[in-house]
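> Let's see this in three dimensions:
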Amino acid sequence: MGLGNETTIAEFTLEGFPAVQHLGKVLFLVHLLVYLASVTGNMFIITITWTDHRLQTPMYFFLSSFSFCEFCFITTVIPKLLSIFLLGQQTINFTSCLTQAFSFLFLGSTIFFLMTVMSLDRYLAICKPLHYPTIMNLRVCFFLVFFCYTVSSIIITGLILKVSQLSFCGPHVIPHFFCDLGPLIHLSCSDTRSIEMLAFGLALFILFTSLIITIIAYSNIMFTIMRLPSAKERQKAFSTCSSHLIVLSLMYGSCVFIYVKPKQASRLDSNREAALVNTVLTPLLNPVIYTLRNKQVHQALRDVLSRMKIQK
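Okay, here's the model as predicted:
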């Protein structure tokens, strides 16, 4: 391969989960069902948001964009994991490995930026309700989503280009179930100190910038909610934020544990389990959390089911 001047490796082997390789078919079925459930849940949110006029608001526009990202995010990892479980196809060529790493990090970064935008949207809706319709119009919504994708693309493209210039002399086994950046860098026989610090700095920037903005937004939201005159108003305002807070907790917890470490070589085994939660369970739970706790989505679903019954 010639993506980098010193690259001498054509393909990698994804180790997967060696301790449970004998359960390949069972794990294939479990992960296939989880993948299908996640895809169905996220596609349901996208479909119902764009077909029900009551849900065509900035909050649901951002939620549908978030669900689309989640759908793409899980699709970058799970199909290859399924082939490992069912067919034992653990090899992946160098270009495909870098493509998977880029897609995973790009979509993951975009998801965090979208979550930040959703926090700001809730802040404006609750703390600045009179100005909200004029500030958060359709043009602004499209611009914010475009901005999230663009910033993520610029950040991750530069990082992956740096990785493509590393020399990989062996061993060729990635101790993970997909081409994650940390295990990939750890395999290089080049001096990786600068790229490890770059990856660490970018992870800090993405995670903590979005986290700080989110904390500031929700601090103001909580302060505003506590000043509302009636308990019913406070409960209604908090219910619009609770789902978002639960999803935020799941995402930040797993990603901080995985990526915010200067030395990527440390704790690779524990990273693998945490990454499984982040790439499999979180995309499954997100649509469940958003739909179970959302009365407007419930009503839209009931209307769809009612129309289906009438048509029959």
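> what's the host helix or strand of T99 packed up against?
Take DSSP states H and E as the rule and T99 turns out to sit in helix 94-127. Using 3 or more C-beta pairs under 8 Å, 6 or more residues apart in numbering; DSSP states H and E, the elements in contact with helix 94-127 are strand 11-14, helix 58-75, helix 132-135, helix 138-164, helix 181-186, helix 193-226, helix 231-259. No exception for glycine: its C-beta is placed from N, CA and C like everyone else's.
> Which one of the ones you listed lies nearest to Q90?
Comparison of those against Q90 by C-beta to C-beta identifies strand 11-14 as nearest, at 4.9 Å.
> Name the residues of that closest one that come out as buried.
By neighbour count with 16 or more other C-beta atoms under 10 Å, strand 11-14 contains the buried residues 12, 14.
> Now the helix or strand immediately after that strand in the chain: buried residues?
Toward the C-terminus, strand 11-14 is succeeded by helix 24-51 as the next helix or strand (DSSP H and E). Within helix 24-51, the residues scored as buried using 16+ other C-beta under 10 Å are 24, 27-28, 31-32, 34-35, 38-39, 41-42, 44-46, 48-49.
> now stretch 76-93
Those would be 76-78, 80-82, 84-85, 90, 92, for stretch 76-93 by 16+ other C-beta under 10 Å.
> pLDDT on it, on average?
Averaging pLDDT along stretch 76-93 gives 88.
> hmm, which helix or strand of the chain has the shakiest average pLDDT?
In the chain, the helix or strand scored least confidently by mean pLDDT, DSSP states H and E is helix 268-276, which has a mean of 64.
> which secondary structure elements does the helix or strand just after it contact?
Remark: after helix 268-276, the chain's next helix or strand is helix 282-292, criterion DSSP H and E. Judged by 3+ C-beta pairs under 8 Å, 6+ apart, the packing partners of helix 282-292 are helix 24-51, helix 58-75, helix 231-259, helix 295-311.
> Could you rerun that using 6 Å?
Judged by 3 or more C-beta pairs under 6 Å, 6 or more residues apart in numbering; DSSP states H and E, the packing partners of helix 282-292 are helix 24-51, helix 58-75, helix 231-259.
> In a markdown table: the ones you listed, plus distance to F200.
Converted to a markdown table, the helices and strands packed on helix 282-292 look like this (distance: least, C-beta to C-beta, whole Å):
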| stretch | distance to F200 |
| --- | --- |
| helix 24-51 | 29 |
| helix 58-75 | 22 |
| helix 231-259 | 8 |
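> least reliable of these going by mean pLDDT?
Looking over the helices and strands packed on helix 282-292, mean pLDDT reaches its minimum on helix 231-259, with a mean of 70.
> Double-check L55 against T49; I have them as touching.
Yes: applying C-beta atoms under 6 Å, one finds L55 in contact with T49, separated by 4.8 Å.
> Reformat the helices and strands packed on helix 94-127 as CSV; add distance to V280.
Shown next, in CSV, are the helices and strands packed on helix 94-127 (distance: least, C-beta to C-beta, whole Å):
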stretch, distance to V280
strand 11-14, 15
helix 58-75, 7
helix 132-135, 36
helix 138-164, 21
helix 181-186, 17
helix 193-226, 20
helix 231-259, 11
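> Of these, which is nearest D121?
That would be helix 58-75 among the helices and strands packed on helix 94-127, by C-beta to C-beta, at 5.6 Å.
> can I get the CA coordinates of the closest one in CSV?
Provided in CSV are the C-alpha atoms of helix 58-75 (Å, rounded to 0.1, in the frame of the first residue of the first chain):
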residue,chain,number,x,y,z
PRO,A,58,-36.4,23.2,15.2
MET,A,59,-36.3,20.7,18.1
TYR,A,60,-37.4,17.8,15.9
PHE,A,61,-35.4,18.9,12.9
PHE,A,62,-32.3,18.6,15.1
LEU,A,63,-33.5,15.3,16.5
SER,A,64,-34.1,13.8,13.0
SER,A,65,-30.5,15.0,12.0
PHE,A,66,-29.2,13.4,15.2
SER,A,67,-31.0,10.1,14.4
PHE,A,68,-29.7,10.1,10.8
CYS,A,69,-26.1,10.5,12.2
GLU,A,70,-26.8,7.7,14.7
PHE,A,71,-28.0,5.4,11.9
CYS,A,72,-24.8,6.1,9.8
PHE,A,73,-22.6,5.8,12.9
ILE,A,74,-23.8,2.3,13.9
THR,A,75,-23.6,1.2,10.2
